[in-house]
Every structure is written in C-alpha cells, then in structure tokens.
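>>> everything below, folded, please.
(one chain, ligands or ions: 1)
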Amino acid sequence: MSQLEDVDPRIAQIIKNEQSRQNNTLELIASENHVSPAVLEALGSILTDKYAEGYPKKRCYRGCENADDVEQLCIDRAKELFGAEHANVQPHSGTSANLAVYFAVLKPGAKIMGMELAHGGHLSHGKDANISGMLYKVASYGVEKDTEMLDMDHVREQALAERPDMLIAGASSYPRTIDFEAFGKIAEEVGCPLLSDIAHIAGLVVGGVHPCPIPHSTFVTTTNHKTLRGPRGGIILCRKEYARAIDRAVFPGLQGGPLMHVAAAKAVAFHEAMQPQFKDYARRIVSNAKTLAESLIEKGWRLVSGGTDNHLMLLDLHSRNEKLTSHSAASWLDGAALITNANPIPFDPPQVSRWTGVRFGTPAVTTRGMGDEQMRLIAGWIDQVLCSNGDAETLAKVRGAVEQLCRQYPIPNKNQAASDKD
Ligand code: PLP
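Okay, the predicted model is just below:
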C-alpha cells in the first residue's frame, strides 16, 4: 500500500487497522468471509476506470473490448458453476439482485410472499422499511412454534390462501436445509414464479453440501461474498425465457454502469469455487458448524431448532440467562475478540433491544483452516464470555487466548485455492 500511504495516509492507516482487527479476531458472523489475494487483486485493478453500460457486445460506450471479455467470462463461469441457463452478473448487491427480479416481472402492488424477517428472512423479501415492502403487498410464512423449522405443508396452505404473485424461498438466519423442491411445487400449484435467494448458502450449494434450487426455481439470486467467498455484490440466474426481462430490469431499469473490477473479482471467485478443493471447503464449513453447535449444546445452551444443517446457528440467550439481550451478548463477545451479530430468534419481540439471540457462522474460521478442535475451543470461550456477566477480566483472558489461536491460523495470504489443499 505504499502509494496509498503517500497519497492518503489516514485511509492507509484505517485499512491497516482493519487488517489488524481481522487478523486478531475470529470472524463468526455467518455472512462474512475472507477473500483470496487473487480476488483482491482483481477488485483493486484498473478495470474500475471503465464505463461499460449495457452488456457484452451491446455497449453504449466504446473501448469495451476488455470489459466485454471480463463480463462474458464471469457470465459463462456463473452459468457453469450453478448449472443455469442465463446469468446476470451486474447487480451491485444481493438486495439489488432481488429488486431487479421483482422489477422484471411484477407491477407495483403485486403480492410477494417470503419468510418473515424475525424467523430468518431478509429485508429485501418485503420488510416494510425496505422498498420491497413499500412497492409490493407482502405476505409471509414462518417457522413452527414447536420445531422452529419450516413445515412445508403449512407453507403450502398459506401460499394457497394468499395466492402471491411471487413466492420467495431463502433466508439470512435459518439454520436448516431449505426444501427448494417443495417450494417449486407450491409455486407451480399457486401459478406464480419462485425466487430462490441463496445469498447465504451459495458456497454450500456449489460445494455440493446443500440441495441446488436451480431446477425448481424461476429465478435464483445470490450474493457473492458469504459462503461463496467472492467480492461484495450479487448475481441473478434464470431460465432463458426470462433473460431479456432480467437484463433490462438490471440495466437500464435499476443501475447505470456495471462495476467491471467487481465482475472480474466475481469471475475469479467463481473460478476458485470450481476447483475440487472448494467442495472440501464447503464440507468443512458444515462439519465445523455441527461441531460448534454440538459443543454449545453440551455446555447447556439451546440452539434454535436444536442445531444446524448448514453454516450457521442461532443461540437462544435466555436458555441460560433470562436477563441477557442480544446486544449485550454480542458486545461482550466483541470484547473477547469473538465477532458475531445480535439477531432475533423466532417469536422474539420486534424491538431490537428485546432480541434474545446471537448468530454464529463458520465460513470465515474455516477459511483460516480451523477444524473440530478449534470449534470446541471457540464454544468454550463463547460459554465463558456469556456466563461472565461482561466481567472485564474474563473478557481479557479469552481475548488473549483468541489472539493466540489467530496467530496459529492466520488469514491465508497465498492463493486461496492452494491454501484449501493443505
Ligand atoms: N438475501 C439474503 C438472504 C441475505 O442474507 C442478504 C444479506 O445478508 C441479502 C439478500 C442482501 O445482500 P446485500 O447485503 O448484498 O444487499
């Protein structure tokens, strides 16, 4: 970063501080990961200079031959990786990808039906504060009170009663396998398209450890930056018949010029995800999550739905401490270098201050090469912190141990694909 240090030492210093924070803490936020140096190089490249409104070979600007090559390669890899007929790789985020899908086939006032936010859904699936909740009528389905899992018969009944114009499958904090086939059948029965949003589990899907939604869905959206371990941003996959509508909804519908440096970084991440070792990475994310979940349960904590099938779990703080709130817990864990996020658990009151869950995920610690033994250590530290009542001495002691583990498992700074082989 020598150039940056000369030109803007304050920003250079902030980036160094962030590097040090990442190096010395354990990233347990389920939606985060550490990208490879190759992805970072593409992201920091001169492709950022180029305007390329339009699509490959159909641009409004001249000088797009290299932009065309980048975007076409990214599209081809996305299609191959997911087995999709069409890919649009321009959405700036997962939210923009979802909005583009709605915009492509729905009129304002149409009804969308997704998973309730408090039960694990995402803001862009119709939350009232999000534009999706303002433009469209919203119906939602949720998990069952006793199992805290989706009951597909119940989802079907609700969908048949509500008759949405689009059904949405996919979640931000649902620790169980999503039955895309059942969602596909329900959408068919209702006579509406199915959008499967796999932002969280995309890496698990391409790694072969979670069922793939493509054959059952009209549209699939994902972010690139969670289990898929790419740059921030989104993509849309769909059947050929919707290609034109989707492309027009993204540009000129919702966005101007695409981010070609990001498209290049997405292409690199897709290439990495096609390597055989990515399958092993995906398998280890899930096995680490299972070990972390089992260890927390052994310590006496209750997890929503009793465990996990994927990369994340939700801990019910009231199972051991009736007074503990999400924000206190997340802030104590932060003090011990264990980075998480406050999260509601199903049936929590809506006020953020009354949430009673914490979400943990294993994509980033798995990227650092950690396995079962380290998951057990982490569960022990989480337990110590949550039982400490925020005691400064306990937090400092755990922080010291976490920092030591971080030194043993540095964030890979060589080629990511190579590091997965080790
Ligand atoms: N969809 C789901 C299921 C998500 O979990 C997220 C982000 O957490 C998104 C969409 C939105 O992604 P972004 O933050 O890139 O807008």
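
>>> spell out which residues of the stretch 51-200 of the chain are next to the ligand.
93-95, 122, 124, 170-172, 197, 199-200 (CB under 6 Å from any ligand atom). Bear in mind the C-beta positions are built from the backbone N, C-alpha and C, glycine included.

>>> end-to-end on stretch 327-346?
Taking CA to CA, to the nearest Å, stretch 327-346 runs 16 Å from one end to the other.

>>> which non-adjacent residue is nearest the residue sitting nearest the centre point of the chain?
Central residue of the chain (CA atoms, centre = their mean): residue 200, 3.2 Å from the mean position. Computed as CB to CB, 6 or more residues apart in numbering, the closest residue to residue 200 that is not its neighbour in sequence is residue 226, at 5.4 Å.

>>> pretty sure the residue nearest to the centre of the chain is touching residue 171, no?
Yes. Using CB atoms under 8 Å, residue 200 makes contact with residue 171 at a distance of 6.9 Å.

>>> need the contact list for the residue in the stretch 51-200 of the chain that the ligand sits nearest to.
As assessed by CB to the nearest ligand atom, the ligand sits closest to residue 94 within the stretch 51-200 of the chain, at 2.5 Å. Counting by CB atoms under 8 Å, 6 or more residues apart in numbering, residue 94 touches 122, 124, 197, 199, 221-223, 234.

>>> just these: which are in strands?
Members of the contacts of residue 94 lying in strands (criterion: DSSP state E): 197, 221-223, 234.

>>> ok, then the element right after the longest helix along the chain?
Identified as the longest helix of the chain according to DSSP state H is helix 276-298. Downstream of helix 276-298, the next assigned helix or strand under DSSP states H and E is strand 302-303.

>>> got the domain boundaries for this protein?
Domain ranges of the chain: 40-273, 277-415, per automatic domain parsing.

>>> tell me which of these sits most buried.
Compared across the domains of the chain, domain 40-273 shows the largest average neighbour count, a mean of 20 (mean count of other CB atoms under 10 Å).

>>> including mean pLDDT, could the domains of the chain go into a markdown table?
Putting those into a markdown table (pLDDT from 0 to 100) gives the following:
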| stretch | mean pLDDT |
| --- | --- |
| domain 40-273 | 97 |
| domain 277-415 | 96 |
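
>>> for residue 8, find the nearest of those.
Nearest to residue 8, of all the domains of the chain, is domain 40-273, at 14.5 Å by CB to CB.

>>> how far does that closest one sit from the chain's center?
11 Å (CA atoms, centre = their mean, to the nearest Å).

>>> ends of that domain, what's the gap?
15 Å.

>>> isn't residue 301 up against residue 318?
No. With contact defined as CB under 8 Å, residue 301 does not reach residue 318; the gap is 10.2 Å.

>>> related to what we said a few turns ago, how about the residue nearest to the centre of the chain, what does it touch?
30-31, 170-172, 226-227, 310-312.

>>> again with residue 350
Contact analysis of residue 350 by CB under 8 Å, 6+ apart lists 118, 344.

>>> give me the neighbour count for residue 275.
Look at residue 275: counted by other CB atoms under 10 Å, it has 15 neighbours.

>>> once you drop chain neighbours, what's closest to the residue of the stretch 51-200 of the chain closest to the ligand?
Leaving aside its chain neighbours, residue 94 sits nearest to residue 223 (3.8 Å; criterion: CB to CB, 6+ apart).

>>> ok, residue 108 next?
residue 135 (4.7 Å).

>>> need phi/psi at the one you found.
phi -80, psi -30 (degrees, to the nearest 10).

>>> that one contacts residue 102, doesn't it?
Yes. With contact defined as CB under 8 Å, residue 135 reaches residue 102; the gap is 7.3 Å.

>>> show me the contacts for residue 11.
Applying CB under 8 Å, 6+ apart, the residues near residue 11 are residue 4.

>>> residues of the stretch 201-350 of the chain that sit close to the ligand?
223, 234.

>>> do you have the strands of the stretch 201-350 of the chain handy? List them.
219-223, 234-238, 302-303, 312-316, 338-339, 341-343 (DSSP state E, counting those that start in this stretch).

>>> distance to residue 187 added to those strands, as JSON lines?
Listed next are the strands of the stretch 201-350 of the chain as JSON lines, based on distance: least, CB to CB, whole Å:
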{"stretch": "strand 219-223", "distance to residue 187": "11"}
{"stretch": "strand 234-238", "distance to residue 187": "14"}
{"stretch": "strand 302-303", "distance to residue 187": "30"}
{"stretch": "strand 312-316", "distance to residue 187": "25"}
{"stretch": "strand 338-339", "distance to residue 187": "37"}
{"stretch": "strand 341-343", "distance to residue 187": "28"}
